[in-house]
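**Student:** got a predicted model here, sequence first, then my questions.
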Amino acid sequence: MKKLALPSKFGWLIGASLIIYFLILSIFSLHTNPMFSLFNGVIMGYGLSRFFRRYAKSKTINHKIKYETGFSLGFLTGLNATVIFTLFFVLFSTEIQPGFLEELIGNWRTHYNTPGGLVYFVVFIMGISTTMIMTLFFMQYYKVSWNLKHLINDPEEILVTN
């Protein structure tokens, strides 16, 4: 249970940061421009980097994480943030500003009959994709190395066969 406390905490923080960013964009009526969603990747990346740094310092001796553990916890952190933001996005587009989806997809909805559920699914998939890419990226730094050179004093010993 304690192992899941840190991913939940950072998932909530990242999700709240994404919501705040979206609300700031909505104040300036920029939330209908999809180009501004690129900054969501920066927010997710920063949150995951802080999560990995905190987890590696608090849970490990050499500040390195087993790859499977790190990937699963990083994915869980991003999944929490994505679910939180997607639920907010659904609530915002249905209850807070009902005409938001028409503004967002405009021409697509009238000419291609794009349903709202597809937009919610795309928001969710974009969050999961960003999570996976950022988790894979950060795990290259925080993983335990399999390179044997640091374990052996003489590099020529590696060439010795059994």
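**Tutor:** Ah, there it is.
**Student:** gap between whichever helix or strand Tyr46 is part of and the chain center?
**Tutor:** Tyr46 belongs to helix 38-59 when elements are defined using DSSP states H and E. Here helix 38-59 is found 8 Å from its chain centre; the criterion is Cα atoms, centre = their mean, to the nearest Å.
**Student:** pull out the buried residues from it.
**Tutor:** Asn40, Gly41, Ile43, Met44, Gly45, Gly47, Leu48, Ser49, Phe51, Phe52, Tyr55, Ala56 (16 or more other Cβ atoms under 10 Å). Yep, even glycine has a C-beta here, placed from its N, CA and C like the rest.
**Student:** now do the same for Ile43: its pLDDT.
**Tutor:** Looking at Ile43, its pLDDT is 94.
**Student:** residue contacts, it?
**Tutor:** Ile14, Ser17, Leu18, Tyr21 (Cβ atoms under 8 Å, 6 or more residues apart in numbering).
**Student:** now swap in Gly41 and tell me
**Tutor:** By Cβ under 8 Å, 6+ apart, the contact list for Gly41 reads Thr130, Met134.
**Student:** one more pass at 6 Å, please.
**Tutor:** Thr130 (Cβ atoms under 6 Å, 6 or more residues apart in numbering).
**Student:** quick check: the gap between Ala81 and Gly74.
**Tutor:** 11 Å (Cβ to Cβ, to the nearest Å).
**Student:** that older thread, now neighbour count and pLDDT too, for the contacts of Ile43, in JSON lines please.
**Tutor:** Below are those laid out as JSON lines (neighbours: other Cβ atoms under 10 Å; pLDDT from 0 to 100):
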{"residue": "Ile14", "neighbour count": "28", "pLDDT": "95"}
{"residue": "Ser17", "neighbour count": "17", "pLDDT": "95"}
{"residue": "Leu18", "neighbour count": "24", "pLDDT": "94"}
{"residue": "Tyr21", "neighbour count": "18", "pLDDT": "94"}
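**Student:** just these: which are in helices?
**Tutor:** Ile14, Ser17, Leu18, Tyr21 (DSSP state H).
**Student:** turn these into JSON lines, columns for distance to Leu4.
**Tutor:** Converted to JSON lines, the ones in helices among the contacts of Ile43 look like this (distance: Cβ to Cβ, whole Å):
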{"residue": "Ile14", "distance to Leu4": "15"}
{"residue": "Ser17", "distance to Leu4": "20"}
{"residue": "Leu18", "distance to Leu4": "21"}
{"residue": "Tyr21", "distance to Leu4": "26"}
